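[1] Sequence plus predicted model, see below.
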Amino acid sequence: MLQKNIKKLVQYGIEKGFTPECERIYTTNLLLDLFKEDEYLDPEVDMSDLDLDEILDNLLEVAIERGLCEDSIVYKDLFDTKIMNCLMPRPSTVQEKFFELYKKSPEDATKYFYDLSCNSNYIRTTRVAKNVCWKTETKYGTLDITINLSKPEKDPKAIAAALKAKNSAYPKCQLCMENEGYAGRVDHPARENHRIIPITINDSKWGFQYSPYVYFNEHCIVFNGQHVPMRIEKATFKKLFDFVKLFPHYFLGSNADLPIVGGSILTHDHFQGGHYTFAMEKAPIVEEFSVEGFSDVKCGIVNWPLSVIRLDGRDPDRIIELADHILKKWRGYTDEDAFIYAETENTPHNTITPIARRRGDMYELDLTLRNNITTEDRPLGVYHPRNELHHIKKENIGLIEVMGLAVLPARLKKEMEDLKPYVINRDIDGIRKDENLEKHADWVEEFLPNYGTINDGNVSEILKDEIGKVFCNVLEDAGVFKNTSEGREAFHRFINVL
């Protein structure tokens, strides 16, 4: 079985185009060495159906039998990445091919790099395909909803090993350049099949890669070559536009740089982007305004649950200047009537989630105003999902959510399945008696009267639609200026200080 699957795997790499035919023997020998195998008989193999998952599963079975790998999801991920690296081109080859294709078009270059990332199992497409995805219509447009199932849960064996393992500061984080080719460990994912494209933005060295847990089409990460913390400043806008100049078919955005309203990694300066059109991008301007000295930049308030200012113009430098002006004003802005405080006890609260894109010859920048103030009643944040929404979404609202894509916890898949019979039978008491579902009882009780007959045929869509509505409420909670007459007046007060 080992030799047959080695032969299949090498053929897979050749057919996918990242293992050259001239390296067939070399690659075979790398794999034989990895498995401590001294002989190879070039077995007869049916090459008509080369299923990568099946091949890797068979090879992992051999590795476990031979004591080369623990029978644990974490250890198997470490080992199958080592397997795939035997097929991978060197980083210099990937970069050479990328920039050769880039001369034809940026789209050709990114397609090659994305396909490589998928075919090499760096992006584990089979796991990503398990995510539950749907769309929900709202007054703000069509929101994307995802129950994230692509990140495997660590098993007890790996957790225990991680606790005993020696702490390592290399790589400093999962976004550092040093991850390229890194073998990984129980507390750090393997990245031997990982490749990075070097790019220059804002006259400094950055890396371009894809997210291993793609949440949308060609979900990429652009990260600083140095391990430096995130900071939203004038240079941020320059970096965003430098990237969309290089890749006009991609958008690029940044998480905010403060806890609660920021992303999960604030210690390494990075952006996220991709080839996807979110509802936020489609959202229209509901009210235009102008800023003195910037008549060449179109400004407007976006029809969106969060508080978003959109800037459009032909000259990105002018947009950058205006964005910096808005950022500085927002950093120091306090409006007690709207419960917006620039700082309390010397702790800053105001920041921005920016997103840049190209529209033909025009450049566009969305500035989402954020505030992370907390109170005794709202310890997780005043502009964070309120408690009654936590049964669906409790985590921070970062860049991806801001643009209109919900990344919901994996627990919801089973919980929604378990809820179905209770919803069909309108059994609220039954939900309240189930310790795993009780948190959903008030929500179900609230939406049930809106529906007539509920049965096996429509219960799934009803639950999905209601989850989408909750996510819409989550986004509204994150808006610093609410979409009410009072909120709009408060928004105007900020616009006036510009």
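    Now that the structure is in, tell me what you want to look at.

[2] CA atoms for contacts and neighbours, from now on please.
    Noted.

[3] how about the strands of the stretch 151-300 of the chain, start to end?
    Here the stretch 151-300 of the chain has its strands, by DSSP state E, counting those that start in this stretch, at 197-201, 204-210, 220-224, 251-253, 270-274, 285-289, 298-302.

[4] count of neighbours near the residue lying closest to residue 272 once chain neighbours are set aside?
    Distances taken as Cα to Cα, 6 or more residues apart in numbering place residue 221 nearest to residue 272, at 4.6 Å, with adjacent residues excluded. Residue 221: 19 surrounding residues under other Cα atoms under 10 Å.

[5] Identify the residues contacting residue 221.
    208, 209, 210, 211, 270, 271, 272, 273 (Cα atoms under 8 Å, 6 or more residues apart in numbering).

[6] now swap in residue 123 and tell me
    117, 210, 211, 212, 213, 214.

[7] 10 Å - rerun?
    Residues near residue 123 by Cα atoms under 10 Å, 6 or more residues apart in numbering: 114, 115, 116, 117, 150, 193, 194, 210, 211, 212, 213, 214.

[8] likewise residue 135?
    Going by Cα under 10 Å, 6+ apart, residue 135 touches 141, 142, 143, 144, 145, 146, 405, 406, 464, 465, 468.

[9] Make sure I have this right: the fifth one is in a strand.
    Yes: residue state for residue 145 (DSSP: H, G, I helix; E, B strand; the rest coil) corresponds to a strand.

[10] Provide the count of other residues in contact range of the closest residue to it other than its chain neighbours.
    With Cα to Cα, 6+ apart as the criterion, residue 145 has its nearest non-adjacent residue at 4.7 Å, and that residue is residue 406. Neighbours of residue 406 under the rule other Cα under 10 Å: 27.

[11] Could you report the separation of residue 406 from residue 469?
    Distance, residue 406 to residue 469, by Cα to Cα, to the nearest Å: 11 Å.

[12] between these two, what contacts are shared?
    Listed as contacting both residue 406 and residue 469 by Cα under 10 Å, 6+ apart are 143, 475.

[13] what residues are up against residue 413?
    Under the criterion of Cα under 10 Å, 6+ apart, the contact list for residue 413 reads 131, 132, 147, 148, 149.

[14] so where's this structure shaky on pLDDT?
    Within the chain, the ranges that satisfy pLDDT under 70 run 152-167.

[15] Tell me the spacing between the residue most central in space within it and residue 363.
    By Cα atoms, centre = their mean, the chain has its centre lying nearest to residue 215, at 5.2 Å. Separation of residue 215 from residue 363 (Cα to Cα): 25 Å.

[16] Over to residue 110?
    From residue 110 across to residue 363, the span is 21 Å (Cα to Cα).

[17] Residue 28 now?
    With the distance defined as Cα to Cα, residue 28 ends up 49 Å from residue 363.

[18] Can you list phi and psi of residue 181 for me?
    Residue 181 adopts backbone torsions of phi 90, psi 0, taken as degrees, to the nearest 10.

[19] Can you name the residues that contact it?
    For residue 181, the contacting residues are 81, 82, 85, 90, 91, 190, 191, 192, 193, 194, 195, 196, by Cα under 10 Å, 6+ apart.
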